[in-house]
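Participant: Fold the following for me, if possible:
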Amino acid sequence: MNLTTVLDLITHRETTAGQQADRLREQIATLTAELGRVDSELAALATTRTTLRALAAAEFTADDPTFASTPYQQILEVLAAAPAGMRAKGICLALGVEPSPKHVEGTRAKLKRMVNRQVLTEDEPGVFTLAQKRT
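Facilitator: Numbering: from 1, shown residues only. As a prediction, this is how the structure comes out:
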């Protein structure tokens, strides 16, 4: 084997290794970009989890955690102004909610939950009033 042949073999091997290195660099760049995207998603999910836990903690440490949400509070406000009690349809109207069957039934379900938790009473079928506080 002569020197020219050896140098040609080295040049060929160098070219092949350079091409392989270029392909690997492209793969690394692609994987790095993908990793960055996944890391961003993980960070967003962690932030969401933290926010939801904070909101849940605030919700369930309220004075009445069962009915701390806005719709329940609005119902309580409406019934506080109606000592004789109200029906679900009347509550919908007082809240400015369309009294369609779907909304009336949704409100009635909330009212029934509140009766079960002894926040409201239903002395007459379908008529809901605030429960008297026990001392």
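Participant: Past the helix ranked longest in the chain, which element shows up next along the chain?
Facilitator: Counting by DSSP state H, the longest helix found in the chain is helix 3-59. Next helix or strand after helix 3-59 toward the C-terminus (DSSP states H and E): helix 70-80.
Participant: Quick check: next helix or strand after that following helix?
Facilitator: Note on helix 70-80: by DSSP H and E, the next helix or strand toward the C-terminus is helix 88-95.
Participant: If I take that following helix and helix 70-80, what angle do their directions form?
Facilitator: With axes from the mean of the first three to the mean of the last three Cα atoms, to 10 degrees defining the directions, helix 88-95 sits at 100 degrees from helix 70-80.
Participant: which helices and strands does helix 88-95 pack with?
Facilitator: Of the remaining helices and strands, those touching helix 88-95 by 3 or more Cβ pairs under 8 Å, 6 or more residues apart in numbering; DSSP states H and E are helix 70-80, helix 101-116. Quick note: C-beta positions are derived from backbone N, CA and C, even for glycine.
Participant: do that again at 10 Å, thanks
Facilitator: Judged by 3 or more Cβ pairs under 10 Å, 6 or more residues apart in numbering; DSSP states H and E, helix 88-95 is in contact with helix 70-80, helix 101-116, strand 127-130.
Participant: could you measure the spatially most central residue of the chain against Ala46, distance?
Facilitator: Centroid-nearest residue in the chain: Leu52, 6.8 Å away (criterion: Cα atoms, centre = their mean). For Leu52, the distance to Ala46 (Cβ to Cβ, to the nearest Å) stands at 11 Å.
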